[in-house]
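> fold the following for me, if possible:
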Amino acid sequence: NKKREEILLNTNNRLKIKDIIKFKNYLLRRHQKEPIAYILGYKHFWKHKFLTNKSVLIPRPATELIVEKVLEKVPKDQSFKFLDIGTGSGCILISILLERPKSTGIGIDISSSAIKVAKFNAKMQQLKNRIKFINSDVDKFFAYKYDIIVSNPPYINKFNYRNLQKDVKDYEPKVALYGGLHGISMIRKVIKKSSKLLKRNGSLVLEIDNQILRETNEL
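Numbers count the residues shown, from 1 in each chain. All right, here's what the predicted structure looks like:
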């Protein structure tokens, strides 16, 4: 928790034994392929820092494209209602609402542990009054109608899941990664449910793998 400049200007300072032990423990965990985001307990996404633990997928730069595309659709001075399916850490929905102060949103996730993380992140960003997180399977969710639905569903197929790097496969939650034999089982659910939950002229903004783009377009 020190700035680079502070370290460079104080190279003669000696580390305390407790800090050396702590650092060696971090090194051991990283040597065992645990992701840095889990070791540190946070990850930066969009413009903010989010609590991250093994209950949630680590936010990735590619997912920021969802935020970017949504903000292009939503004027800052208008009120929109959002739904985030498979919210995880809540990073997508929280980032959008921080940019659009008149909008509100609901995030759902099948994992109760992930919902706890998302609620903490919303509290840290002082969004409790405009955001709600619900522990629910997408199949069992029927509340309200939404202007925009966002989702980064699990879309890794069986073959690719077996070949994931240890950093990902051994630590990140399988439920947030594995999309079934062909990688589209959860995407199919999200699209089907969105057709019922979107308002007329509403939009679904979805992250998918290029390898399953054609199959997704056919759903």
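
> quick one: low-confidence parts of the chain?
217-219 (pLDDT under 70).

> got a list of what Arg29 touches?
Ile39 (CB atoms under 8 Å, 6 or more residues apart in numbering). Every residue, glycine included, has its C-beta placed from N, CA and C.

> so it is in which element?
Here Arg29, judged by DSSP states H and E, is contained in helix 17-31.

> relative to the whole chain's centre, how far out is that helix?
Distance of helix 17-31 from the chain centroid (CA atoms, centre = their mean, to the nearest Å) equals 28 Å.

> what do you get for stretch 111-128?
On CA atoms, centre = their mean, the centre of stretch 111-128 falls 11 Å from the chain's centre.

> list the contacts of it.
By CB under 8 Å, 6+ apart, the surrounding residues in contact with stretch 111-128 are 48, 50-53, 55-56, 87-91, 93-94, 97-98, 107, 109, 131, 133-135, 173, 175-176.

> tell me the contacts of His44?
50, 59.

> longest strand of the protein?
For the chain, the longest strand by residue count, based on DSSP state E, is strand 198-206.

> and that strand, what's buried?
For strand 198-206, the neighbour count (16 or more other CB atoms under 10 Å) marks 198, 202-206 as buried.

> so what strands line up beside that strand?
strand 146-151 (parallel) (DSSP bridges).

> just to revisit the earlier point, on contacts alone, who are the packing partners of the next helix or strand after the helix holding Arg29?
Per DSSP H and E, the first helix or strand lying C-terminal to helix 17-31 is helix 36-40. If you count contacts as 3 or more CB pairs under 8 Å, 6 or more residues apart in numbering; DSSP states H and E, helix 36-40 packs onto helix 17-31.

> can you pull the buried residues of stretch 64-75?
64, 66-67, 70, 74.

> how distant is it from the center of its chain?
Worked out by CA atoms, centre = their mean, stretch 64-75 lies 15 Å from the chain centre.

> check contacts around Ile85.
Residues near Ile85 by CB under 8 Å, 6+ apart: 108, 138, 149-151, 153, 190, 193-194.

> need those residues in TSV with distance to Lys18 and neighbour count, can you?
Converted to TSV, the contacts of Ile85 look like this (distance: CB to CB, whole Å; neighbours: other CB atoms under 10 Å):
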residue	distance to Lys18	neighbour count
Ile108	42	24
Val138	46	20
Ile149	48	23
Val150	43	28
Ser151	43	25
Pro153	43	21
Val190	47	23
Lys193	50	22
Ser194	51	22
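
> and of these, the nearest to Lys24?
Proximity of these to Lys24 was ranked by CB to CB; the top entry is Pro153 with 38.4 Å.
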